[in-house]
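[1] how would this look folded up:
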Amino acid sequence: MKKRIYLAGSGGMLGEAFYRVFKDSYDIKCTDKDVNTEWLSFLDFRDYEAYKKDVFDFKPDYLFHLGAYTDLEFCEKNVDDTYMTNTIAVENAVHIANALDIPLLYICTAGIFDGKKELYDDWDLPNPLGHYARSKYMGERYVVEHAKRYFICRAGWMMGGGPDKDKKFINKLIKQLVSGKKELFIVNDKDGTPTYTVDFARNVEVIVKSEKWGLYNLVCKGQTSRMEVAEELVSKLGLTGKIKLTEVTSDYFKDVYFAQRPPCERLVNKKLDLRGLNIMRDWRVALNDYIDTYFTDYLKDKF
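    Numbering: from 1, shown residues only. This next block holds a predicted model:
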C-alpha cells in the first residue's frame, strides 16, 4: 500500500518537481491558492481551519509544506502578508502535523544567512537581513522548536519548472536571450549554490526513506557565482561568442532589486555527506539536464 503525502503550496517551480518525483510511488494530494495545472486543487494554507480539514480528510503519512512568498521586493513591501504566508502558515502546518503525529517537511533558504562567511554548513547560525529571510528563518525556528518529527531542507539558488514556472535567474536570462538581447548584465558580487528542483525533490525522498529527521542543507554540488552560471548557460545554448556578458555590481539593478541580499549564499551539504544521504549532482550537470528536460521545445528555432 502506497504512503500518502499532502503537498501544500505546490503550485510553483518546487511543487512541480515534487509532483514529478513523488506521483508514481506515493498517493499524493497537491494544493495551492493558485490552481494553475490539472493536478492541483485549491487550498490557502493561511486559513488554518481549511488547511487542517483538508489535510485531516486526506489522512496523509507526511505533510510537505512547500509554498512561500520568495520575491524579496514583494516581501519588503508587503510585510504582514509575508509573515502570514511564510511564518504563521508554517506554524499552522506544525500544529496539523503534530495532531496527526506525522513528519513535516519545511523548505528554508540559504538567504537566511548574512553572507559574511564564504561557506555555510548545516550548523552555522543564521542572521537574516530582510523580511523575506527573517520570515523564513522564523518558520524554520518554529518547526525546530515545536514539531514532533520534521525535516527542514535549505535550498540555494533555485532553478526548475521550465518557461512557465521558473521565476528565478535562469529563466530571466533565457527570456532576455529569446527576446533578442545580445548583451546580458550580470552581477559580480553575489555567490551561491544552484539547486535544481528535481534533484532537490529526489534527495528529499532519500531523506524520507531514511527517516533520519532533522535540518539539512540541500543544494547542488559546487559553489559558484552569478557570472559563472550565466557563462555556463550561454555555452549550453551554443551562444558563446555571440552574447556579451558584462559584469556589474548589484547597485546596477538597485531600482528593481532594492531588497538587501547577502553577498554569499554558498551552502555545503555537510550533514547529508556525513550521513551518506547526499545524491545531489554538480550544478553544471543539473543545469544542462534542466535545459534539456524543460526548454528543448521552447527554445527550438529561437537562436
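[2] Can you show me the strands along the chain?
    All strands of the chain, identified by DSSP state E, fall at 4-8, 27-32, 40-42, 62-65, 104-109, 150-155, 157-159, 183-187, 191-192, 194-196, 214-217, 224-225, 244-248.
[3] for the first one, packing partners?
    Packed against strand 4-8, as judged by 3 or more CB pairs under 8 Å, 6 or more residues apart in numbering; DSSP states H and E, are the following elements: helix 13-22, strand 27-32, helix 48-58, strand 62-65. In this view, the C-beta of every residue, glycine as well, is placed from N, C-alpha and C.
[4] Figure out which of these is closest to residue 219.
    Taking CB to CB, helix 13-22 is the member of these nearest to residue 219, at 13.3 Å.
[5] circling back: any chance of CSV for the helices and strands packed on strand 4-8, columns distance to residue 117?
    Shown next, in CSV, are the helices and strands packed on strand 4-8 (distance: least, CB to CB, whole Å):
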stretch, distance to residue 117
helix 13-22, 26
strand 27-32, 35
helix 48-58, 36
strand 62-65, 28
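[6] and those, which is most packed in?
    Mean neighbours per residue, mean count of other CB atoms under 10 Å, is largest over these for strand 62-65, with a mean of 25.
[7] As PDB, could you dump the C-alpha coordinates of that strand?
    C-alpha atoms of strand 62-65 as PDB (Å, rounded to 0.1, in the frame of the first residue of the first chain):
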ATOM      1  CA  TYR A  62       3.600  13.000   5.600                       C
ATOM      2  CA  LEU A  63       2.800  16.700   5.300                       C
ATOM      3  CA  PHE A  64       5.100  18.600   2.900                       C
ATOM      4  CA  HIS A  65       4.700  22.400   3.400                       C
END
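[8] Tell me who's in contact with residue 267.
    110, 119-121, 154, 156, 193, 217, 219 (CB atoms under 8 Å, 6 or more residues apart in numbering).
[9] wait, what's in contact with the nearest residue to residue 198 once chain neighbours are set aside?
    Closest residue to residue 198 apart from its sequence neighbours, by CB to CB, 6 or more residues apart in numbering: residue 17 at 4.7 Å. Residue 17 is in contact with 160-161, 197-198, 200-201, counting by CB under 8 Å, 6+ apart.
[10] Please name whichever of the helices and strands packed on strand 4-8 is nearest to residue 251.
    The minimum distance between residue 251 and the helices and strands packed on strand 4-8 falls on helix 13-22, with 27.9 Å, by CB to CB.
[11] Compute the inter-axis angle for the closest one and strand 27-32.
    Using axes from the mean of the first three to the mean of the last three CA atoms, to 10 degrees, one finds that helix 13-22 and strand 27-32 are set 170 degrees apart in direction.
[12] the inter-axis angle of helix 13-22 versus strand 4-8?
    Using the same axes, to 10 degrees: helix 13-22 against strand 4-8 is 170 degrees.
[13] coming back round to it: to residue 260, which of the helices and strands packed on strand 4-8 lies closest?
    With CB to CB as the measure, helix 13-22 is the member of those nearest residue 260 (23.4 Å).
[14] So what's the gap between the closest one and the chain middle?
    Remark: helix 13-22 is offset 11 Å from the chain centroid, using CA atoms, centre = their mean, to the nearest Å.
[15] on that earlier part again, which among the strands of the chain is found nearest to residue 264?
    Closest to residue 264 of the strands of the chain, according to CB to CB: strand 191-192, at 4.7 Å.
[16] Show residues contacting that closest one.
    Strand 191-192 has contacts (CB under 8 Å, 6+ apart) with 110, 118, 156-157, 223-226, 263-266.
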